[in-house]
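> This is the structure alone, sequence omitted:
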DNA sequence: ATTCTTAATGCAAACGATTGCGGAAAGGTT
DNA sequence: AACCTTTCCGCAATCGTTTGCATTAAGAAT
């Protein structure tokens, strides 16, 4: 026989299916003795509930859809881990789909999640996402790692401005007079925040005009960007890079050019991924608690699913700076 | 209204539910004209199939369970990506659960997958896994990245022996007389293979006795291990580390001790993770095609699910050596 | 003894999709 | 004109679970 159903248990014990169901779910009024008898038998027969049937009837699947850019990204990998921990604790499971930063893939993911009957969504929307596309799925959702200006979505994200500020202020306090920023595309939420924090730190001490280099698609552009900047007479004594991967490309370039880090130039990254400890010099980086981010987004979503309406819609995490050798 | 069902479409158009179902699934004989009419309407109404209902009836859910150690591990992250690509192409979706290398978590995962009604399993079993536990779930499955001696499971994995051999032979051909190996626990399949390849390369050229250091739990033990080895008079001029993380710890230690890489000591890692390009010197490493691994395991499993019995049960990938600066 | 509570359990419908079987209409064959 | 095919489509059962309502039995109150 395949997996036993409620009916199988009911037949063996001579009860009705409803009684078995109620016993297993602790619902309704059941004689404690029969309840125990049923639970025991269920265990013995290796009963596991059929989520498909349950979700078909009950309208809830105990499934949460997770839509992120790329599970290979150490930051999101870590966040997912946090999500999994919290979700399992609360009896939910996760359906993960990558968007590869593509709007098309994101639409596919959204429609699929709906089709799969997930109870709610944890989503890190790709750039250019129309907020209405999210609302259009008519599912409770929590935004992870992003923030839509002026919206009142439930959101769990990092204080990117503070992160950029911390990184830059550190460079300044270290005596750097001309810290460069290598930013990413400004249609990415974190990129805007980090840039803003960078500018704020500069303005605070009256250092107006420092150069910002922009990566359009790929961190692989960085060597050429820096090369071009230096060759056209540009100067810098510190670099705040959009993230650790950017910073690593930067370190590589500086090494090739024979520029000493941190003696001549300090480098600060962002995300503090595990591998940032293994570069040489090891990478000073803005650190986040990704696990917290994952857990918090799940607990927020599940309370939504339980019909609560948490008053606090925005959960913002304060990053800290993990100072290592590069600056 | 919520998401429209077959019934809704049927009512609007005046057909029966069965006709709608058959039209949408291209089954049975349906007048091409009505089929198109129905498909058009379905599109218009934004119909998406309800997988729960489908799997309840049809006995297949188009869901594949993925059970791995840890989605943060770059190797498995990459493998998962490959799986996702292939699965989506074939109309399947993935349910991911981490085991954190714990037998207990693995059992939870297995029971959960059964409960969720996945059609099949892609699993990288934790050490000490009893093959019978896997067969016990009574689901088609493919082993990923491991190999059970003597079993005839469907398996997709790497030729770890060859990998270890390539790494070690490279060190030897580079003139190293005493390459050290830092291995992991031998109850891990890859650890056994890599060690064997290492020994084979040594024996081939009659270099019998070279030292092997064993990490028991955590790569963080490595500095102490090497320290102890050196202090007790041990010597080496090359190191083949179990994986890139091990190699990175090794590089860090060597740097701290002032030992020049690759001048005095060459270092070779395994997995060729993206971040191995950013150490200094960059890390020579055994490279695998993780995407292939993921895709292949999915295509193998889906052909099982379609009732085929592929003759070739073991798919073994040949790694290559990606020579960079460290050796 | 009769009626009223209360506690414990069963009945049956419903969720949305699939599918074997049968029926009706249309056309073809003698 | 009677019969047979073929084509197209509907009926109804089914999957496993949940849940509102009905039912039964037992005990309490009169």
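Perfect, I can see it now. Fair warning: this is a prediction, and the values are worked out from it, not measured in the lab.
> Endpoints of stretch A:60-78, how far apart?
The first residue of stretch A:60-78 is 27 Å away from its last residue (Cα to Cα, to the nearest Å).
> For that stretch, what does the pLDDT average out to?
Mean pLDDT, stretch A:60-78: 96.
> Stretch A:262-281 too?
pLDDT averaged over stretch A:262-281 gives 96.
> Give me the buried positions along that stretch.
Within stretch A:262-281, the residues that count as buried by 16 or more other Cβ atoms under 10 Å in any protein chain shown are A:262, A:265-273, A:275-281. Where you see a C-beta, it was placed from the backbone N, CA and C, and this is true even at glycine.
> Identify the residues contacting the helix or strand harbouring residue A:171?
Assignment of secondary structure by DSSP states H and E places residue A:171 within helix A:160-173. By Cβ atoms under 8 Å, 6 or more residues apart in numbering or on different chains, the surrounding residues in contact with helix A:160-173 are A:179, A:181, A:189-190, A:192-198, A:200-202, A:204-205, A:207, A:238, A:240, A:266, A:268, A:270, A:284, A:286, A:288, A:318-321, A:323, A:327.
> Try it again at 7 Å.
Helix A:160-173 is contacted by residues A:179, A:190, A:193-198, A:200-202, A:205, A:238, A:240, A:266, A:268, A:270, A:286, A:318-319, A:321, A:327 when judged by Cβ atoms under 7 Å, 6 or more residues apart in numbering or on different chains.
> Put the buried members of these into a PyMOL selection.
To isolate the buried members of the contacts of helix A:160-173 in PyMOL, using 16+ other Cβ under 10 Å:
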select buried, chain A and resi 179+190+193+194+195+197+198+201+202+238+240+266+268+270+286+319+321+327
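> Just the ones in helices from the contacts of helix A:160-173, please.
Judged by DSSP state H, helices contain the following of those: A:190, A:193-198, A:200-202.
> From those, pick the one nearest DNA strand D.
residue A:190 (40.9 Å; Cβ to the nearest atom of the strand).
> Residue A:183 versus that closest one, what's the distance?
10 Å (Cβ to Cβ, to the nearest Å).
> ok, residue A:296 - how many residues close by?
Residue A:296: 20 surrounding residues under other Cβ atoms under 10 Å in any protein chain shown.
> now the closest residue to it other than its chain neighbours: how far from residue A:288?
The shortest distance from residue A:296 to any non-neighbouring residue, by Cβ to Cβ, 6 or more residues apart in numbering or on different chains, is to residue A:156 (5.0 Å). Distance of residue A:156 to residue A:288, computed by Cβ to Cβ: 12 Å.
> Contact partners for residue A:61?
With Cβ under 7 Å, 6+ apart, residue A:61 has these contacts: A:51, A:55, A:117-119, B:52.
> what about the closest residue to residue A:90 other than its chain neighbours, which SS state?
Distances taken as Cβ to Cβ, 6+ apart put residue A:302 closest to residue A:90, at 5.2 Å, once the chain neighbours are dropped. At residue A:302 the chain is in helix, as set by DSSP: H, G, I helix; E, B strand; the rest coil.
> you'd agree residue A:302 is up against residue A:91?
No: look at residue A:302 against residue A:91 with Cβ atoms under 7 Å: they stay out of range, at 8.9 Å.
> Show me what from the stretch 51-200 of chain A comes close to DNA strand D.
A:53-54, A:56-58 (Cβ under 7 Å from any atom of the strand).
> I'd like to know which of those residues is nearest to residue B:312.
residue A:53 (36.9 Å; Cβ to Cβ).
> Could you report the neighbour count for that closest one?
Count around residue A:53 with other Cβ under 10 Å applied: 16.
> excluding its backbone neighbours, what's nearest it?
residue B:56 is the one closest to residue A:53 (Cβ to Cβ, 6+ apart), at 5.3 Å.
> What residues sit buried inside the one helix or strand the one you found maps to?
Per DSSP H and E: residue B:56 is located in helix B:51-58. For helix B:51-58, burial by neighbour count (16+ other Cβ under 10 Å) applies to B:51-56.
> Among the residues you listed, find me the one that's closest to residue A:47.
Closest to residue A:47, out of all of the buried residues of helix B:51-58 and judged by Cβ to Cβ, is residue B:56, at 16.7 Å.
> re earlier: return the distance of the residue nearest to residue A:90 relative to DNA strand C.
23 Å (Cβ to the nearest atom of the strand, to the nearest Å).
> Would you mind naming what in the stretch 151-300 of chain A lies close to chain B?
The stretch 151-300 of chain A has residues A:248, A:251-252, A:255, A:275, A:278-280 near chain B, with proximity defined as Cβ under 7 Å from any Cβ of the partner chain.
> now the helices: where do they sit in chain A?
Going by DSSP H, chain A shows helices at A:6-13, A:17-25, A:32-45, A:51-58, A:74-89, A:103-116, A:131-136, A:160-173, A:189-204, A:222-231, A:244-257, A:290-305.
> so which of these comes closest to residue A:313?
helix A:290-305 (8.6 Å).
> The closest one - contacts with which helices or strands?
helix A:74-89, strand A:120-123, strand A:141-144, strand A:155-158, strand A:314-317 (3 or more Cβ pairs under 7 Å, 6 or more residues apart in numbering or on different chains; DSSP states H and E).
> which other helices and strands contact the fourth one?
Spelled out, it's strand A:155-158. strand A:141-144, helix A:290-305, strand A:314-317.
> got these as JSON lines, with mean pLDDT columns?
Shown next, in JSON lines, are the helices and strands packed on strand A:155-158 (pLDDT from 0 to 100):
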{"stretch": "strand A:141-144", "mean pLDDT": "98"}
{"stretch": "helix A:290-305", "mean pLDDT": "97"}
{"stretch": "strand A:314-317", "mean pLDDT": "97"}
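> Could you identify which of those is most buried?
strand A:141-144 (a mean of 26; mean count of other Cβ atoms under 10 Å in any protein chain shown).
> partners of that one, with directions?
Paired strands of strand A:141-144, with direction, are strand A:120-123 (parallel), strand A:155-158 (parallel) (DSSP bridges).
> any idea how far that strand is from the chain center?
Computed by Cα atoms, centre = their mean, to the nearest Å, the chain-centroid distance of strand A:141-144 equals 9 Å.
> Can you pull out the residues in contact with it?
By Cβ under 7 Å, 6+ apart, strand A:141-144 touches A:79, A:120-125, A:134, A:153-156, A:293, A:297, A:300-301.
> swap in stretch A:316-327?
A:157-159, A:162-163, A:166-167, A:170-171, A:174, A:238, A:251, A:261-262, A:266-268, A:272, A:281-289, A:292-293.
> give me that answer again for 8 Å
A:156-159, A:162-163, A:166-167, A:170-171, A:174, A:238, A:247, A:251, A:261-262, A:266-269, A:272, A:276-277, A:279, A:281-289, A:292-293.
> And DNA strand C, is stretch A:53-73 touching that?
Yes: against DNA strand C, stretch A:53-73 shows contacts by Cβ under 7 Å from any atom of the strand at A:53, A:56-57.
> now the residues you listed in CSV, with distance to residue B:226 and pLDDT?
Formatted as CSV, those follow (distance: Cβ to Cβ, whole Å; pLDDT from 0 to 100):
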residue, distance to residue B:226, pLDDT
A:53, 57, 95
A:56, 58, 93
A:57, 60, 90
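> how about TSV for those, with distance to residue A:29 added?
Below are the residues of stretch A:53-73 next to DNA strand C laid out as TSV (distance: Cβ to Cβ, whole Å):
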residue	distance to residue A:29
A:53	24
A:56	26
A:57	21
